[in-house]
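Have a look at this prediction, sequence included:
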Amino acid sequence: VFDSVNATQEGMYAITRLTRGGCIDHAEQSVTVQSNDLVVSLEGDSLLCEGRPIFLDASNDGATYLWNTGATTPGIPVQSEGFYQVTVSKGACRRSDAVIVRSIKIPVADLGNDTTVCLGESFMLDATFPDVERYRWQDGSDSAVHAVTQSGTYSVTISNYCGTAQDAVNVQVEN
């Protein structure tokens, strides 16, 4: 048994060993060093908008691919959330990367129907929607709910990574 050797340069490597019993062991190995020029960078955790597939791409010239889905193509379309990993190989070199894909809904703003409320009665409009990054009401306020204190048209714009939605409602405040 020979100790392992870390070859960092190309060439012919040979080893000779004299055993305790006087025998000589000899081994030779030709070594070719391949530079690892593979670049594999799946974007950080990705967001998948409901109904809009994304494409994960690990393309490298002359390489082979193995995804944890079983695919062997340079890229794959992704239509559902989950963990995706690829190993890219070229000769003796390999690189891997992985990404977690999370699905979010395209925003929908719904303030309900026009309505009438009694004076002095508290009334709140609620634009809450999952994964919304920003709420913007007609007066510039930015919370998910908005207190109605007087008659008028109230509008909201909501947005997230997948898009923007708007809605408006007329509210009458009466005695």
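That came through fine. Numbers count the residues shown, from 1 in each chain.

When you work out contacts or count neighbours from here on, use the C-alpha atoms and nothing else.
OK.

Could you check which helix or strand contains Ala147?
Ala147 belongs to strand 145-148 when elements are defined using DSSP states H and E.

what's the spacing between Ala127 and Arg17?
Here the distance between Ala127 and Arg17 works out to 79 Å (CA to CA, to the nearest Å).

Stretch 123-130 spans what distance, first to last residue?
22 Å.

Kindly report the same for stretch 38-58.
Stretch 38-58 end-to-end distance (CA to CA) = 10 Å.

same thing with stretch 63-72?
Comparing the first residue of stretch 63-72 with its last one, the separation is 10 Å (CA to CA).

hmm, back to that, among Ala127 and Arg17, which residue is more densely surrounded?
Using other CA atoms under 10 Å, the more surrounded residue of Ala127 and Arg17 is Ala127, with 24 against 13.

what sits against that one?
Residues counted as contacts of Ala127 (CA atoms under 8 Å, 6 or more residues apart in numbering) are 109-111, 144-145, 156, 158.

any idea how far it lies from Phe55?
Counting by CA to CA, the separation of Ala127 from Phe55 is 32 Å.

and what of Gln138?
Going from Gln138 to Phe55 by CA to CA gives 37 Å.

what does the helix or strand harbouring Val99 contact?
When elements are assigned from DSSP H and E, Val99 belongs to strand 93-104. Strand 93-104 is contacted from outside by 34-36, 38-50, 80-89, 130-131, 162, using CA under 8 Å, 6+ apart.

Please identify the buried residues of that strand?
Residues of strand 93-104 classed as buried by neighbour count (16 or more other CA atoms under 10 Å): 94-99, 101, 103-104.

So, low pLDDT: which residues of the chain?
Low-confidence regions of the chain, defined here as pLDDT under 70, cover residues 1-7, 32-34, 44-45.

switch to 80 and redo it
Segments of the chain classed as low confidence (criterion: pLDDT under 80) are 1-13, 15, 19, 30-36, 43-45.

Run through the strands of it in chain order.
According to DSSP state E, the chain carries its strands in the segments 11-18, 24-31, 46-49, 54-57, 64-67, 75-78, 82-90, 93-104, 115-118, 123-126, 134-137, 145-148, 152-160, 163-174.

could you say what helices and strands the fifth one packs with?
When contacts are defined as 3 or more CA pairs under 8 Å, 6 or more residues apart in numbering; DSSP states H and E, strand 64-67 packs onto strand 82-90.

and the residue positioned nearest the centre of the chain, what does it touch?
Among the residues of the chain, Ser46 comes closest to the average C-alpha position under CA atoms, centre = their mean, at 1.5 Å. If a contact means CA under 8 Å, 6+ apart, then Ser46 has 99-102 as its contacts.
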